[in-house]
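# Task: produce atomic coordinates for the following.
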Amino acid sequence: MTTSSSERGVSLGMPELPAPAYPDDVRARLEADARELIARYPDSRSALLPLLHLVQSEEGHVTRTGMRFCADVLGLTTAEVTAVATFYTMYRRRPGGDYQVGVCTNTLCAVMGGDAIFDELQEYLGVGNGETTDDKKITLEHIECNAACDFAPVVMVNWEFFDNQTVQSAKRLVDDLRSGGTVSPTRGAPLCSFKETARILAGFPDEREGAVEASGSAGPASLVGLRLAKGETAPARVVHPRDGGPHDEPRDRAVHEPSPTEHLSSHDAPQDTSASDPAHPAGPTAEEGE
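Take a look at the predicted model:
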């Protein structure tokens, strides 16, 4: 027995018309920017990622017109451009708000409060993941690790860091964004609109006064590995085994100075496993089916 196309939910309507072109003045301006970007690469198609940020800065998301423009200036097909634009999550496929509020819900941020923040903001703003408030101010989404685990839970607004957030501070943050209040990231450059951020990500300089000089970096815990890689010695620590608490150390005993290659966390202390503990041999404890 066969089913009709309508029963299968397949549309047999007219194919989608080609995307309209940008107005002449907009295209001329974007072409000048595109030439500057393309000139930075030995192979022109390598400029596709920054060009997608460029067209996103024009309309706030990557439109069919923007993808057609990228294809034209790079000599690619629209299918090739679409394949890239739909792969990377930093490219919006539909209109969004002035501020993209991303709540990290990866493991550490989640258990430190990220899940609670995201759930509360959905209720507070009346939107779901990837949706935009009615005033077009905020697009809310949950995002993966932002490499700022030592500041968990982390919220990002247009890719700028807002560290050590709580449910209440996150609600105040979105209130200030919607009301036009002064909002300053914990570290990094001053906040700007999503379109302005997209242009910076395309590779053009941030020309706002003081933006380049704004400081900010990873936290101390994130930089431990870098310091060790440079040969710097970590402070001396006594690491106790997992199965015991602190023990009295002889006063005349020298404090061990760990080398850069040693683990400093008690979570890395050796444990008995099925391979090392005869009382817990490896392998199944019962025959299959019992």
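
# Can you give me the buried ones in stretch 186-199?
187-189, 191-192, 194, 196-199 (16 or more other C-beta atoms under 10 Å). Any C-beta I mention is one placed from the backbone N, CA and C, and that applies to glycine too.

# Can you name the residues in contact with the helix or strand containing Phe161?
Using DSSP states H and E, Phe161 maps to strand 160-162. If you take C-beta atoms under 8 Å, 6 or more residues apart in numbering as the criterion, strand 160-162 is touched by 146, 148, 151, 154-156, 170, 173, 185-189, 191, 216.

# ditto for stretch 204-219
Contacts for stretch 204-219 (C-beta under 8 Å, 6+ apart): 33, 147-148, 150-151, 161, 185-190, 192, 200, 223.

# that older thread, in the contacts of strand 160-162, find the pair that's most separated.
The largest separation in those, counting by C-beta to C-beta, is between Ala170 and Ala189 at 20.6 Å.

# follow-up on the earlier one: by pLDDT, give me the weakest of the buried residues of stretch 186-199.
Among these, Gly188 has the lowest pLDDT, at 80.

# before we move on, back to that, what about the buried residues of stretch 186-199, which are in strands?
If you go by DSSP state E, these have nothing in strands.

# Let me see the contact set for Ala34.
Applying C-beta under 8 Å, 6+ apart, the residues near Ala34 are 47, 51, 54, 69, 73.

# Out of those residues, which comes closest to Cys104?
Leu54 (27.0 Å).

# To which secondary structure element type does the closest one belong?
Three-state call for Leu54 (DSSP: H, G, I helix; E, B strand; the rest coil): helix.

# Take the buried residues of stretch 186-199 and write them to TSV, including distance to Leu140.
Putting those into TSV (distance: C-beta to C-beta, whole Å) gives the following:
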residue	distance to Leu140
Arg187	22
Gly188	21
Ala189	22
Leu191	16
Cys192	19
Phe194	13
Glu196	20
Thr197	16
Ala198	18
Arg199	23
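
# for those, which one is nearest Leu17?
Of those, the one sitting nearest to Leu17 (C-beta to C-beta) turns out to be Ala198, at 26.4 Å.

# Check the spacing between that closest one and Cys192 real quick.
According to C-beta to C-beta, to the nearest Å, Ala198 and Cys192 sit 10 Å apart.

# Same check on Glu123?
For Glu123 relative to Cys192 (C-beta to C-beta), the value is 28 Å.
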